[in-house]
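In: pasting the structure only:
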């Protein structure tokens, strides 16, 4: 069932949109649509369903556990049925459903992807879709992954810069997956709180309207940063503290920041994370495997609980 | 003898075309032509004649056994005489016959090629033709090879993305040869069922209208995938099982998937493969060397038998 | 509080603009605005507030000590309140404030940046903004960093050439951060007076309207240069001497040269540097961390003192 | 003395042009001019004078033995006086004479070149001229060298593809020098008959209207090919056999194939080669050093004999 | 004092221009201006003042000995006062003076440059200016350096090709600095007579209107060339012989060839070189450091003597 758009932005949404006043009306319209769709419409919070694992991990690893997911239509419908704010996927998945679903739910075209058939220490995704394709398919936004810390950082940032500019010129919002990774970082450093906050800052500086990062640990990776965290006594003990810090690093909360759900795990730990994101001032979650790898009814129930946490309906 | 087009799509073809509703009418028209040409017209099945071996393996290895094949016209005529759905070849071969054959049979312009005069562990084909050339020569589609698993995967995917977009804008269908190969994979892994299914998924995500892969073995290459195949008990014991799995990995059968015939071999083993493709829900075959390396009459008889298997006329 | 523009250039400004007579009126207009804004308006001197450390060093290292700085608006307002000539920052920071601050103070869009998540001996920044974006956001100039001495010098110079030409065609001034660094130089050589003078010359030759370099030491890095400094007895003993030499290397003072403040340090040493810059004929300073890492009132007081030194109001 | 064009194609020329019916009229017009110019006009045979050795080997090695050749006009006039079908040279040589000679004799602009001041195991020529320049100078065709077997094969093929397409769109014919060379091949393999036939096929597939290869030896380089030559008993014992095989590999003789004369050698061996080319069905020769390194009268006499062999006037 | 243009070409100039009849009128007009400006106007000889050492060697090494040279205006005025044919410099130096000097003396915009802050065995300059900039600044020509023998030869030749074509389309002449250098050559080989002649040939083939090379020694670098110099007894004993040979290698003297002055040296050795250039048929000199590193009056006197040698007024 498609979501209807409310005709006036709520106060929460209005406050968020105020931070995007340098953007053209078309971009603001799409941010508005993202914030006014689904069960969280008007709350200023978002839960987005992303399904790029077929490309990133392979189809069997992604969909065999719940085989309805082999079909691209499954996910667009799941996003609607669960009351998500948007559905994000690579070109093929979006193309397969756009004629039917564009308009019913905001579509985010994931414009670059990486597979695991050729592993690299310093990853760089391939551009797999264009702004022009997003426009033709009625999308609300493009998505783009950067890997700060990779030896190929420069190419990724420059590709993002060009695509983001083209997106803005075409009235599309830009969602950046900012995932530190590569020879510049230790494995533990990929989710270190200094690094995740830095990754959020970089995405914001590069023009992301919505920033997606991983939930940070309390590890501190970079020596020069560590000293400042200690001397300034930046609170990073709890997950909510760290979320708050990442949101602060995203232009003092003037950019929308959502957190990824990561690999499939227990419901309760997901709910705890949602509470921490909410309490730290995060704007929500992007939840892929924890949604589409559950049976549909379970997934909807699970997502509704997450949404209710964000909406403050439950603790 | 040229094939006449039937004026209404059969039910089978209509069902297939329903999955391409996001595509512009020009692309759908060409998919329609591909599905409504030849002896399999209207069945939803395809047998395509591809002749790029002159470029890929050299002329003597390809044509000496049946020297009529040195002449590009031989193949276009063979495709028509055998009732194939389409004829695919590199620029030179298509250019040589287009003035005569365009319109008589759908032409697929193979837009990239590799030779064997310089071997590479991590192959990347050269772009050898453009969409503009395909349009000028009256082609119905372009063909493009990617080698998932090669260190050059990113360049190939990005080249395909750009060409596929240009093709769609010009009303051409896109056929992707997705052949895993390179330093990311073992030799055995190139046809492993997890890898072939993954390669099909990637081609679909990148915008292939028609996916061409090799027939998979029951080998499982990637550790993380292997676990899922085992835990989810994905059936891969028979060739039909594996075809079914690859078709499922191609957007739950919403993309046309054809399988390559491989090197020349005995007729009976080809017929067995055709039965497995049919029983597994595959859409047909691309058969090159097993067609044009036989005397013409033999080739036609052979191809007719394959087509009859697909059409369900014989078992 | 925004600065009002005086309607006639002072003599000092007129003399400076005389050196830019080959530039189109739009560029001269923006140079005029830069020189006629803030407390130093009309003096021919500039103090510019640059805030790219969030990108270049990370958000916590940059802003935790004075957390108001996490908010992009803080810096634009600080630049105005302190009476700076201009405010320079990367895309995200400028974009966040442009709708409100463009026109109130000249904005310099920093068009390339480097982070410290991937360290390189031979650095090359990523282009992070375009001239088109600068025009759309009402900027007066673009900023661009080159690292002479890096193995990637050629790419940086060529990128600057193209961007500078596009900037001039669009009436924007070009500010070049010329920071020697890389495998061609020793660490000490990065601020050697021969190298800094050379870096200023290169920026001028590449079309910089305003050149930003570091304050040079009396070290001499290159053997062939050292001989000339000694044989020609070029005075480099005092900081003012060295500033004078760098200004001379900038087309005999026909290009505007400002010096960077470097890491946070004591006020008195900053004032001494300002006196040396003034006495050596430099055109002013770009002061980032020493401004925004102090409490706002302190920063304003501090900057006013620097400006008064430049204006000759105090010694 | 300029050659006059006959107003009707002879039967031989008509048969050749029939193979280029997919080409636009402008290209066919230039092929017609090439085939209807000089002493061999109308025979379907060609002798072309190429002079790129000044670039490829250096001026003294090329012209000192017959110093008139330092002057670009010498060669254009020699080509006319000897009754050649066309004159081929790099940009500078063509540019120097075009204002005078364009129209008098078909000019082929060699669009890429290599010098010997920097040797490489895996050569790739530099593009030294454009289609636009060829059009402006009234040329009939562009020439382009590829080195199959070089590690840089992909770049060369892609550069050729783009230039050939642009040439066709501008009505110019495309002459491809296909010279196997590089780390994929042994030295002996560069002229192996399997490799030369393969190189001719590649040039044809890439869109060459005229293919230039070296005369092949009876060496077989590639194992997989060797087996086929032996099992299929492909005749390669005599030079005429091998020429016939290469012509067959060029789309069953539907592409014009000319052979290079190589380094300066005795007249009789050149005449023997011409007989073999003729008897094997080749379309002629490109003869550089054996022409311009002889005194002019000798060169003309020599070339006339070669032409008479092709014309069947002498044995 | 600006030079007035004579209204008719002298016979010497007319003969030179006859060799550029394939060029468009705009290019011929600028060659005419170059040949009809200054004390050598109408003689067919040129002395050009180039000042790119600030970029190529650094400002102090270039200008400290005669500090007026830090000011770009110094050089343009020196070129006029000494009666040079043209003034050549990088973007910044030309830009600084163009509004005042364009029209008074032909300006040559040096479009690529190299600094010495990062040394390379295989150098490649950065493009530092565009044809568009040259047109806007009223220049008569662009200058471009290639390093034959460098591993980067291909990129440089291709960059030159593109720029030269754009220059011609815009009516600008092309001056090529052809300086053999890099891993393909020994140090001694950089000025070997076979190599310098080859470098001149390459520049001519690539479309140079004016070729600038270094004065050659009698060293022979390349084995294959050495044999020909010896067997053909090419005279290379005297400097005049070698100049004559280089001029011959420049299309039998149909391209303008000037020789560089090299590092600062005694006047008499410069005069001897000028005599050899004149006697060998060279078209003149490009004299930088030997001009601007002398006191102005000395420089003018020195340059006048060189010009008088070229004009045949003194021996």
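Out: Now that the structure is in, tell me what you want to look at. Nothing here was measured: the structure is a model prediction, and the numbers come from that model.

In: make it CA atoms for all contacts and neighbour counts henceforth
Out: Fine.

In: For chain D, what's its nearest residue on the stretch 101-250 of chain A.
Out: residue A:126 (19.7 Å; CA to the nearest CA).

In: Identify the residue spatially nearest to that residue, adjacent ones excluded.
Out: In space, and not counting its chain neighbours, residue A:126 is closest to residue B:154: 4.8 Å by CA to CA, 6 or more residues apart in numbering or on different chains.

In: so when I look at the one you found, I'm seeing a strand, right?
Out: No - secondary structure assignment places residue B:154 outside any strand; it is helix (DSSP: H, G, I helix; E, B strand; the rest coil).

In: which residues does it contact?
Out: A:125, A:126, A:127 (CA atoms under 8 Å, 6 or more residues apart in numbering or on different chains).

In: Need the per-residue pLDDT for the last one.
Out: It stands for residue A:127. Looking at residue A:127, its pLDDT is 98.

In: I'd assumed residue A:110 was in contact with it.
Out: No - contact criterion CA atoms under 8 Å: residue A:127 and residue A:110 do not qualify, at 9.1 Å.

In: who's more crowded, those two?
Out: Using other CA atoms under 10 Å in any protein chain shown as the criterion, residue A:127 and residue A:110 rank with residue A:110 on top: 30 against 25.

In: Ramachandran coordinates for that one?
Out: When read as degrees, to the nearest 10, the backbone of residue A:110 gives phi -70, psi 110.

In: Return the residues of the stretch 1-150 of chain A in contact with chain E.
Out: Within the stretch 1-150 of chain A, no position lies close to chain E (CA under 8 Å from any CA of the partner chain).

In: Show me the shaky parts of the stretch 1-150 of chain A.
Out: Residue ranges of the stretch 1-150 of chain A with pLDDT under 70: A:1-8.

In: Now with 90, please.
Out: A:1-10, A:119 (pLDDT under 90).

In: And the residue of it that's closest to chain E?
Out: residue A:150 (25.0 Å).

In: which ones are touching the closest residue to that residue other than its chain neighbours?
Out: In space, and not counting its chain neighbours, residue A:150 is closest to residue A:182: 4.0 Å by CA to CA, 6+ apart. Applying CA under 8 Å, 6+ apart, we find residue A:182 in contact with A:121, A:122, A:123, A:147, A:148, A:149, A:150, A:151.

In: again, only using 10 Å
Out: A:120-124, A:147-153, A:189-190, C:117-118 (CA atoms under 10 Å, 6 or more residues apart in numbering or on different chains).

In: If you rank the residues you listed by neighbours, which is first?
Out: Result: residue A:148 is most packed of the contacts of residue A:182 (other CA under 10 Å), 33 neighbours.

In: Grab the nearest non-local neighbour of that residue.
Out: Using CA to CA, 6+ apart and skipping the chain neighbours, the partner closest in space to residue A:148 is residue A:180 (4.5 Å).

In: For the one you found, what are phi and psi?
Out: Residue torsions, per degrees, to the nearest 10, at residue A:180 are phi -60, psi 140.

In: Would you confirm that it contacts residue A:192?
Out: Yes - if you go by CA atoms under 10 Å, residue A:180 and residue A:192 touch, sitting 9.4 Å apart.

In: between those two, what contacts are shared?
Out: Going by CA under 10 Å, 6+ apart, residues that sit against residue A:180 and also against residue A:192 are A:186, A:198, A:214.

In: Can you report how many residues lie near the last one?
Out: When you say that, I think you mean residue A:214. Using other CA under 10 Å: residue A:214 sits among 25 other residues.

In: any idea how far residue A:228 is from whichever residue of the stretch 151-300 of chain A sits closest to chain C?
Out: In the stretch 151-300 of chain A, the residue that lies nearest chain C is residue A:205 (3.7 Å; CA to the nearest CA). From residue A:205 over to residue A:228 the distance is 21 Å, taken as CA to CA, to the nearest Å.

In: Then residue A:288?
Out: 35 Å.

In: likewise residue A:24?
Out: Residue A:24 is 37 Å from residue A:228, by CA to CA.

In: out of these two, which sits in the busier spot?
Out: Using other CA under 10 Å as the criterion, residue A:24 and residue A:228 rank with residue A:228 on top: 17 against 14.

In: Let me see the contact set for the more buried one.
Out: A:234, C:60, C:61, C:62, C:63, C:64, C:65.

In: can you rerun that using 7 Å?
Out: Counting by CA atoms under 7 Å, 6 or more residues apart in numbering or on different chains, residue A:228 touches C:60, C:61.

In: Sort out which residues of stretch A:231-244 are buried, please.
Out: A:236, A:239, A:240, A:241, A:242, A:243, A:244 (16 or more other CA atoms under 10 Å in any protein chain shown).

In: Keep only those of these that are in strands.
Out: Among these, no member falls in strands (DSSP state E).

In: In TSV: these, plus pLDDT and distance to chain B.
Out: Formatted as TSV, these follow (pLDDT from 0 to 100; distance: CA to the nearest CA, whole Å):
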residue	pLDDT	distance to chain B
A:236	98	34
A:239	97	29
A:240	98	32
A:241	98	34
A:242	98	31
A:243	98	31
A:244	98	35
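
In: can you put these in a markdown table and add distance to chain E?
Out: Converted to a markdown table, the buried residues of stretch A:231-244 look like this (distance: CA to the nearest CA, whole Å):
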| residue | distance to chain E |
| --- | --- |
| A:236 | 44 |
| A:239 | 47 |
| A:240 | 48 |
| A:241 | 46 |
| A:242 | 43 |
| A:243 | 44 |
| A:244 | 45 |
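
In: So residue A:50 versus chain D, what's the distance?
Out: 37 Å (CA to the nearest CA, to the nearest Å).

In: so that residue makes contact with residue A:287?
Out: Yes - the pair residue A:50 / residue A:287 is scored as a contact, 6.5 Å apart, by CA atoms under 7 Å.

In: Contact residues of chain A facing chain C?
Out: A:19, A:21-22, A:148-151, A:154, A:157-158, A:161, A:184-185, A:198, A:201-202, A:204-207, A:225, A:228, A:232, A:248-249, A:251-252 (CA under 7 Å from any CA of the partner chain).

In: quick one: average confidence on stretch A:169-187?
Out: 98.

In: Also stretch A:210-218?
Out: On average, stretch A:210-218 scores 97.

In: residues of that stretch that come out buried?
Out: A:210, A:211, A:212, A:213, A:214, A:215, A:216, A:217, A:218.

In: So which of those residues sit within strands?
Out: Using DSSP E, those in strands are A:210, A:211, A:212, A:213.

In: tell me the contacts of the first one?
Out: The contact partners of residue A:210, taken as CA under 7 Å, 6+ apart, are A:174, A:175, A:176, A:255, A:256, A:257.

In: Equivalent analysis for residue A:15, please.
Out: By CA under 7 Å, 6+ apart, residue A:15 has no neighbours at all.

In: Do a quick rundown of the strands in the stretch 201-315 of chain A.
Out: Under the criterion DSSP state E, counting those that start in this stretch, the stretch 201-315 of chain A contains strands at A:210-213, A:256-260, A:284-286.

In: in its sheet, what does the first one sit against?
Out: Read it as strand A:210-213. strand A:173-178 (parallel), strand A:256-260 (parallel) (DSSP bridges).

In: before we move on, the earlier item: was I right about the residue nearest to residue A:148 contacting residue A:147?
Out: Yes - under the criterion of CA under 7 Å, residue A:180 makes contact with residue A:147 at 4.9 Å.

In: who has more neighbours, residue A:180 and residue A:192?
Out: residue A:180 (28 against 24).
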